[in-house]
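**Q** Dropping the sequence and predicted coords here.
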Amino acid sequence: MRQNLPPSIHSIIDIPKVAFGRGSYLHDVEGKIYIDGSGGPAVYCIGHGNEEVNAAICDQLGKLAHGYRFHFTTDALEELTEIVAARCGGTLKHMVFVTGGSEAVESCLKLALQYQTAVGQKSRRKFIARERSWHGNTLGALSVSGFRERKLAFEGALLDVIRISAVNAYRPLAGASADTLAKVAGQELEDAILRHGPQNIAGFIFEPVVGAAGGCVPSPANYARLVREICDRHGVVMIADEVMCGAGRTGTWRALERDGVEPDIMSIAKGLAAGYLPLGAAVYSEKISAAINHVPQTGHTFTGHTACCAAGVAVQKIVTREKLVERVAANETKFRAMMASAVAGIEQVGDIRGRGYFQAVELVADPETKTPFPAEQRVFMRVRQQAFDNGLICYPVGGNADGINGDVVILAPPYNATDNELAEICDKLGQSLRQVLATL
Ligand SMILES: Cc1ncc(COP(=O)(O)O)c(C=O)c1O
């Protein structure tokens, strides 16, 4: 670590300094090249250094960086609104643009509360959320998150959230098998609503495909439909957090599109502007918008930031023109097979799962019992370091088994990665896992 800089610059580990990125590759200042197998944290979905996006941002900056939302509307804001509404389909036509995932989730929670107030249900103030979920780092988003390690330092200061089980076919909740999981998990949600009183519940928030906290855990078939029915039955707002799994990452533009379900409110962020500028959104249905008289009481100074929206427009035009969501859907099986063959024979690979270009391997000490490695071994951190040494950026995370223990490695390549690049990512993953596991 460089001595003359504060440690906060480097986090807790010594990390390289990046110089530039092109397509699926990043170059550090020492000249080392890394293939970006995870789009950072599932963000850089069209790769790095895209000249068309950079030009669109520069063009916008040349005119105006930011038209403040209470003074002006802008072309970029209007165009992105149309694009997102068309991509979402159905009644999800309304949105507030923010600068990231946590802000998007905050806005989703606030919209649910504002809606309940507007429809005369002001007693509904509580949220239900699942274990093994990550919704962000601001206080509200952290409160609904089920990620013990990341919450420990803030315990006692967070919102009182009703917590229900994670929904993961590899680790089904008590009394369920992979086949009955959706039904048992749906019942648990309904029981929680009834136990705490529907008149007290504002909303239920969940990730349709769980990201960092679980490792690309897809909802079981029919789960989202059951959630929709239960929420409708009890006047609970259904909130889908698609910050990580949305914007095409899982092979449909909305992740819940594949489940045939429309939520009331949805957060999106990472892939929306692909990391070119900070951008997220809380998208909501006609029902919610009409109830609040089309005036969302959420947003910040940089809401609808013009240059950020211009980046979003440019990225989404490329995603549409190059049929990248369709490409992700078409390549899902092939990509997973590449991963499976790269890790074949590694005894400690307990599960390979995910949707689209959002796939993970779960590592376990004992595949028979699914016992995770003890957290002290920091297996996921070792994988991250080894992969870096091998020139691969992947996204290993810990705590997925019980909030503390557990190791998963997420791959989330750019939608436009070539087949050779996908193969390189998978090969380097297999190599890195073998190297780390041989040392344990
Ligand atoms: C599902 C989900 N929601 C919310 C967030 C928070 O987003 P951000 O880090 O952009 O604030 C994340 C970040 O990883 C996420 O994966």
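**A** Great, that's in hand. Numbering: from 1, shown residues only.

**Q** List phi and psi for the residue lying closest to residue 147 once chain neighbours are set aside.
**A** Using Cβ to Cβ, 6 or more residues apart in numbering and skipping the chain neighbours, the partner closest in space to residue 147 is residue 213 (4.7 Å). Bear in mind the C-beta positions are built from the backbone N, C-alpha and C, glycine included. The phi and psi values for residue 213, taken as degrees, to the nearest 10, are phi -80, psi -10.

**Q** so who does residue 213 touch?
**A** The contact partners of residue 213, taken as Cβ atoms under 8 Å, 6 or more residues apart in numbering, are 132-134, 145-147, 207, 397, 399-400.

**Q** any idea how far it is from the ligand?
**A** The gap separating residue 213 from the ligand is 8 Å, by Cβ to the nearest ligand atom, to the nearest Å.

**Q** do residue 156 as well
**A** From residue 156 to the ligand the distance is 22 Å (Cβ to the nearest ligand atom).

**Q** so what's residue 410 bridging to?
**A** Taking DSSP bridges as the rule, residue 410 bridges to residue 360, residue 395.

**Q** How many residues are close by the residue of the chain found nearest the ligand?
**A** The ligand sits closest to residue 101 of the chain, with a gap of 2.1 Å, by Cβ to the nearest ligand atom. When neighbours are counted by other Cβ atoms under 10 Å, residue 101 registers 30.

**Q** That one contacts residue 266, doesn't it?
**A** No - using Cβ atoms under 8 Å, residue 101 is not in contact with residue 266, being 11.9 Å away.

**Q** which residues sit against the strand or helix carrying residue 202?
**A** Secondary-structure assignment from DSSP states H and E places residue 202 in strand 201-206. Strand 201-206 is contacted from outside by 105, 108-109, 112-113, 116, 124-130, 133, 135, 144, 162, 167, 189, 193, 219, 227, 231, 234-241, 264-265, using Cβ under 8 Å, 6+ apart.

**Q** Buried among the residues you listed? Make that a PyMOL selection.
**A** Of the contacts of strand 201-206, the buried ones can be selected in PyMOL as follows, counting by 16 or more other Cβ atoms under 10 Å:
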select buried, resi 105+108+109+112+113+116+124+126+127+128+129+130+133+135+144+162+167+189+193+219+227+231+234+236+237+238+239+240+241+264+265
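
**Q** Quick check: pLDDT value at the residue of the chain closest to the ligand.
**A** Looking at residue 101, its pLDDT is 98.

**Q** separation between it and residue 157?
**A** Look at residue 101 and residue 157: by Cβ to Cβ, to the nearest Å, they are 21 Å apart.

**Q** ditto for residue 414
**A** Counting by Cβ to Cβ, the separation of residue 414 from residue 157 is 38 Å.

**Q** all strands of the stretch 151-300 of the chain, in order?
**A** 162-164, 201-206, 209-210, 217-218, 237-241, 265-268, 280-284 (DSSP state E, counting those that start in this stretch).

**Q** strand partners of the second one, parallel vs antiparallel please.
**A** In this case it means strand 201-206. Applying DSSP bridges, one finds strand 201-206 paired with strand 126-130 (parallel), strand 237-241 (parallel).

**Q** I'd like those strands laid out as JSON lines, including mean pLDDT and distance to the ligand.
**A** As requested, the strands paired with strand 201-206 are arranged in JSON lines below (pLDDT from 0 to 100; distance: least, Cβ to the nearest ligand atom, whole Å):
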{"stretch": "strand 126-130", "mean pLDDT": "98", "distance to the ligand": "11"}
{"stretch": "strand 237-241", "mean pLDDT": "99", "distance to the ligand": "5"}
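
**Q** Export the ones you listed as CSV, with columns for distance to residue 59.
**A** Compiled in CSV, those are given as follows (distance: least, Cβ to Cβ, whole Å):
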stretch, distance to residue 59
strand 126-130, 41
strand 237-241, 32
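
**Q** Nearest to residue 361, out of those?
**A** strand 126-130 (21.8 Å; Cβ to Cβ).

**Q** In CSV, list the C-alpha atoms belonging to the closest one.
**A** Extracted in CSV, the C-alpha atoms of strand 126-130 (Å, rounded to 0.1, in the frame of the first residue of the first chain):
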residue,chain,number,x,y,z
LYS,A,126,-43.4,-1.9,7.9
PHE,A,127,-41.5,-3.8,5.2
ILE,A,128,-41.0,-7.5,4.8
ALA,A,129,-37.7,-8.6,3.3
ARG,A,130,-35.7,-11.8,2.9
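
**Q** quick one: that strand to chain centroid distance?
**A** 18 Å (Cα atoms, centre = their mean, to the nearest Å).

**Q** what does stretch 214-231 give?
**A** Worked out by Cα atoms, centre = their mean, stretch 214-231 lies 15 Å from the chain centre.

**Q** re the thing from before, more neighbours: which of residue 414 and residue 157?
**A** The neighbour comparison of residue 414 against residue 157 (other Cβ under 10 Å) goes to residue 414, with 28 against 10.

**Q** Quick check, the more buried one in contact with residue 26.
**A** No - using Cβ under 8 Å, residue 414 makes no contact with residue 26, being 11.5 Å away.

**Q** shared neighbours, the two?
**A** residue 36.

**Q** What's the end-to-end length of stretch 147-167?
**A** This stretch, stretch 147-167, spans 14 Å end to end (Cα to Cα, to the nearest Å).

**Q** which residues sit against it?
**A** If you take Cβ under 8 Å, 6+ apart as the criterion, stretch 147-167 is touched by 126-134, 137, 139-140, 142-146, 173-174, 181-182, 185, 188-189, 192, 196, 201, 206, 210, 212-214, 217, 219-220, 223, 398-399, 403-404.

**Q** And the helices in the stretch 51-200 of the chain?
**A** 51-63, 75-88, 101-118, 139-144, 148-151, 181-196 (DSSP state H, counting those that start in this stretch).

**Q** Determine which stretch of those is the most buried.
**A** With neighbours defined by mean count of other Cβ atoms under 10 Å, none of the helices of the stretch 51-200 of the chain is more surrounded on average than helix 101-118, at a mean of 25.

**Q** Could you list the residues of the protein in contact with the ligand?
**A** Taking Cβ under 6 Å from any ligand atom as the criterion, the chain approaches the ligand at residues 41, 100-102, 105, 134-137, 207, 211-212, 241, 243-244, 269.
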